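**Q** Sequence unavailable; structure follows:
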């Protein structure tokens, strides 16, 4: 069974600064996808960024980028130029065959003005 | 394009009562998921449907939880009887096709259940 671990329960960052969220996972699969989801307070979960395990190049989406280290089974998210709207819970998730998502416990990000 | 719809948004019941949640996925999405998200935790998959068939229900507590998707479109999740530990947000998600190599899941707003 796959497990996903987010070791930082909460992070705070000043507006316009950068914050990095950590995620590690455990799997015996070779082909899989990794995701970061954002869940704003009282709003629905949305996909921030995804990474295919077979791609060596790290994914980027505007101010969001990942550092994918396959051998270390590590998948961190960097939020650059943080904005007040980035305040949310962030979940790391893993998916192998069957489309079943396994989520980590989440990291609460608070962006301070 | 309309998103995943869920109702009700909030529900408060007493233990041993029954409750049902409804989900309408994005039009054309064949795969539908129900997740349970306990406060302070990440979502946990309860059941996954492909059209009207069950793909994975390994983490569904079948003695009290049931779900159906009779016509392969909307779905109902039921809890009977409810326990205190069932207090959680129940999320519904949908995606286009189960077997494609990549398949983004779109989430609904969730139903927050409080069991007293």
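**A** Perfect, thanks for sending it. What you are looking at is a predicted structure, and each value in this text was computed from that prediction instead of being measured.
**Q** Can you report how many residues neighbour whatever residue of chain B ends up closest to chain A?
**A** Relative to chain A, the nearest point of chain B is residue B:42 (3.2 Å; Cβ to the nearest Cβ). Heads up, the C-betas are built off the backbone N, CA and C, glycines and all. Per other Cβ atoms under 10 Å in any protein chain shown, the neighbour tally for residue B:42 reads 21.
**Q** How about it: what's its closest non-neighbour residue?
**A** Computed as Cβ to Cβ, 6 or more residues apart in numbering or on different chains, the closest residue to residue B:42 that is not its neighbour in sequence is residue A:103, at 3.2 Å.
**Q** For the one you found, grab the count of nearby residues.
**A** 21.
**Q** Contacts only, for it.
**A** A:4, A:37, A:91-93, B:42-44 (Cβ atoms under 8 Å, 6 or more residues apart in numbering or on different chains).
**Q** Quickly list what it is bridged to.
**A** Beta-bridge pairing of residue A:103 under DSSP bridges involves residue A:93.
**Q** how near is it to residue B:96?
**A** As for residue A:103, its distance to residue B:96 is 21 Å (criterion: Cβ to Cβ, to the nearest Å).
**Q** Likewise for residue A:75?
**A** Residue A:75 is 24 Å from residue B:96, by Cβ to Cβ.
**Q** Also residue A:84?
**A** Distance from residue A:84 to residue B:96, by Cβ to Cβ: 33 Å.
**Q** if you count what's nearby, which of these two comes out ahead?
**A** When residue A:84 and residue B:96 are compared for neighbours, residue B:96 comes out ahead with 15 against 10, by other Cβ under 10 Å.
**Q** check which helix or strand covers the residue most central in space within chain B.
**A** Nearest residue to the geometric centre of chain B (Cα atoms, centre = their mean): residue B:34, 2.6 Å. Taking DSSP states H and E as the criterion, residue B:34 maps to strand B:31-37.
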